[in-house]
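1. pasting the sequence and the predicted coordinates here, then a few questions.
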Amino acid sequence: MKLSTFLSILNDNVPFDSAESWDNVGLLVGDRTSDISGIMTALDCTAEVVDEAIEKGCNTIVAHHPLIFKGMRAITADEGYGNIIYKLIQNNMNLIAMHTNLDVHPQGVNAMLADCLGLESCRILMPETTDYYKVQVYIPEADADAFKLRLSEQGLATEGNYEHAFFNTRGKGQFKPVGDAQPHIGEVGTIETVDEVKIEFMIDGTQRKLAEQLIQQYHPYETPVYDFIPLQKDIQRGLGMIGQLPQSMTVAQFVAHVKTQLDMPSVRFIGNPHAQIETVALIGGSGIGYEMTAMKQGADIFLTGDIKHHDALDAKIAGMNLLDINHYSEHVMKEGLVKLLNQWISQQFDGQIVASTTHTDPYQYM
């Protein structure tokens, strides 16, 4: 499989443009025309991970955290991150980052964490929405088919795998041209009644300007009548997960469960140690700031990483239960992404897809 093909499949399933604007995802190092010999998933791309990929015959690494994120002044064989990039290039390796786009994917990092903890009836904690418009255009019935064809040719009125998605309502249009009007139908000063069609169709938020231009261009009336009705809908992605434990647990039982399932030597709890835990919300990585959203949705505890002292104190005063599971808890994405990649490319790729076994948690627990 060509790297370009693999990138296209990744983008179809986990769109790179669904990442946050500040993020750096997609191909970071590599040659789009190269052939993929093997794929390794990793949380972080370190020198040790690159060595492991070389040893296992994988020339493509898909990492969650972007290696190239902050500004870099040099790429040398003996200096920090530059050393890793130098090693990748020297060994003809490809490096792809799937960061916040994988976070918001419905089967992404947070779903992987929820699955690892055995949560049931899961849903996205903060579903993303998209803006779209319902468009209504009033046009003489005789001109309707040609008009709709013009709009459809320009990519409007599509719904999923369906094109030319219009709804038509017949009726009587009425108007009286006055002054300097140059009517397509009727005469100045005379009330005209016309067999018209109200055409309705949907467009996404980015298509409004195009739709308005096309209506003005192809509508036969001197002054077309049309409406753009703004709407919003949830899309199948968003940040975080919230779900139910199979049975209620004490804080002590739940903490032990989390440590076992995530293979973590320690976690930090904030809140009421006598609470019962049933509904669990989580955001992998650094999700502090969304704990109130979780509590409003009925979460008994909110799991995330990198909780700072003052955030923990604020939560405790507010009566919230938090569990700091460390940023490294996202390591579950390594095996989780292997499963997804096998679903997405098994028909096109016969090479190996493996999860890195290299431990990249920078902390030592003492």
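-> Right, received. Where do you want to start?
2. the top strand by length along the chain - contacts with which helices or strands?
-> Longest strand in the chain by number of residues (criterion: DSSP state E): strand 225-250. Packing contacts for strand 225-250, counted by 3 or more Cβ pairs under 8 Å, 6 or more residues apart in numbering; DSSP states H and E, involve helix 109-116, strand 120-140, helix 208-218, strand 276-282, helix 291-296. Every C-beta, even on glycine, is put in place using the N, C-alpha and C of the backbone.
3. using TSV, lay out the ones you listed together with distance to Ala181, mean neighbour count and mean pLDDT.
-> Shown next, in TSV, are those (distance: least, Cβ to Cβ, whole Å; neighbours: other Cβ atoms under 10 Å; pLDDT from 0 to 100):
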stretch	distance to Ala181	mean neighbour count	mean pLDDT
helix 109-116	59	24	98
strand 120-140	16	17	96
helix 208-218	17	15	97
strand 276-282	61	22	98
helix 291-296	55	18	96
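4. make JSON lines from the ones you listed and add distance to Pro177 to it.
-> Below are those laid out as JSON lines (distance: least, Cβ to Cβ, whole Å):
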{"stretch": "helix 109-116", "distance to Pro177": "60"}
{"stretch": "strand 120-140", "distance to Pro177": "14"}
{"stretch": "helix 208-218", "distance to Pro177": "18"}
{"stretch": "strand 276-282", "distance to Pro177": "61"}
{"stretch": "helix 291-296", "distance to Pro177": "55"}
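5. and these: which comes nearest Ile229?
-> strand 120-140 (4.3 Å; Cβ to Cβ).
6. for Val178, which of the helices and strands packed on strand 225-250 is the nearest?
-> For the helices and strands packed on strand 225-250, proximity to Val178 was assessed by Cβ to Cβ; strand 120-140 is nearest, at 18.8 Å.
7. so what are the sheet partners of the closest one and their directions?
-> Each strand paired with strand 120-140, and its direction, by DSSP bridges: strand 192-204 (antiparallel), strand 225-250 (antiparallel).
8. how about the ones you listed in TSV, adding distance to Leu313, mean pLDDT and mean neighbour count?
-> Supplementary listing: the strands paired with strand 120-140 in TSV, determined by distance: least, Cβ to Cβ, whole Å; pLDDT from 0 to 100; neighbours: other Cβ atoms under 10 Å:
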stretch	distance to Leu313	mean pLDDT	mean neighbour count
strand 192-204	43	96	18
strand 225-250	22	95	16
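9. Asn24: which of these is closest?
-> For Asn24, the closest of the strands paired with strand 120-140 is strand 225-250, at 18.2 Å, according to Cβ to Cβ.
10. helix or strand next in line after that closest one, which one?
-> Beyond strand 225-250 on the C-terminal side, the first helix or strand identified by DSSP states H and E is helix 251-261.
11. CA-only coordinates of that following helix in PDB, if you can.
-> Coordinates of each C-alpha in helix 251-261 appear next as PDB, following Å, rounded to 0.1, in the frame of the first residue of the first chain:
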ATOM      1  CA  VAL A 251     -14.400   5.000  45.600                       C
ATOM      2  CA  ALA A 252     -11.800   2.500  46.900                       C
ATOM      3  CA  GLN A 253     -13.200  -0.200  44.700                       C
ATOM      4  CA  PHE A 254     -13.400   2.100  41.600                       C
ATOM      5  CA  VAL A 255      -9.800   3.400  42.100                       C
ATOM      6  CA  ALA A 256      -8.500  -0.200  42.300                       C
ATOM      7  CA  HIS A 257     -10.500  -1.100  39.200                       C
ATOM      8  CA  VAL A 258      -9.000   1.900  37.200                       C
ATOM      9  CA  LYS A 259      -5.500   1.100  38.300                       C
ATOM     10  CA  THR A 260      -5.800  -2.500  37.200                       C
ATOM     11  CA  GLN A 261      -7.500  -1.900  33.900                       C
END
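12. quick one: buried residues of it?
-> Neighbour-count burial for helix 251-261 flags Val251, Phe254, Val255, Val258 (criterion: 16 or more other Cβ atoms under 10 Å).
13. which two among those residues are spaced furthest apart?
-> Considering Cβ to Cβ, no two members of these lie farther apart than Val251 and Val258, which are separated by 10.5 Å.
14. now the lowest-mean-pLDDT helix or strand in the chain, how far from the chain's geometric center?
-> Among the secondary structure pieces of the chain, namely its helices and strands, helix 80-90 has the lowest mean (mean pLDDT, DSSP states H and E), a mean of 92. Its chain's average C-alpha position is 29 Å from that of helix 80-90, according to Cα atoms, centre = their mean, to the nearest Å.
15. go on, stretch 296-310?
-> Between the centre of stretch 296-310 and the centre of its chain there are 22 Å (Cα atoms, centre = their mean).
16. swap in stretch 106-118?
-> Chain-centre distance of stretch 106-118: 14 Å, with Cα atoms, centre = their mean.
17. ditto for stretch 154-168
-> For stretch 154-168, the gap between its own C-alpha mean and the chain's C-alpha mean amounts to 24 Å (Cα atoms, centre = their mean).
18. buried ones in it, by neighbour count?
-> By neighbour count, and taking 16+ other Cβ under 10 Å as the criterion, the buried residues in stretch 154-168 are Leu156, Ala157, Thr158, Phe166.
19. show me what contacts Ala211?
-> The contact partners of Ala211, by Cβ atoms under 8 Å, 6 or more residues apart in numbering, come to Tyr133, Val135, Leu151, Leu156, Ile203, Phe228.
20. on that earlier part again, any idea which of the buried residues of helix 251-261 is closest to Leu245?
-> Phe254 (7.5 Å).
21. show the contacting residues for that closest one.
-> When the contact criterion is Cβ under 8 Å, 6+ apart, the partners of Phe254 are Leu245, Ile277, Val280, Ile301, Leu323.
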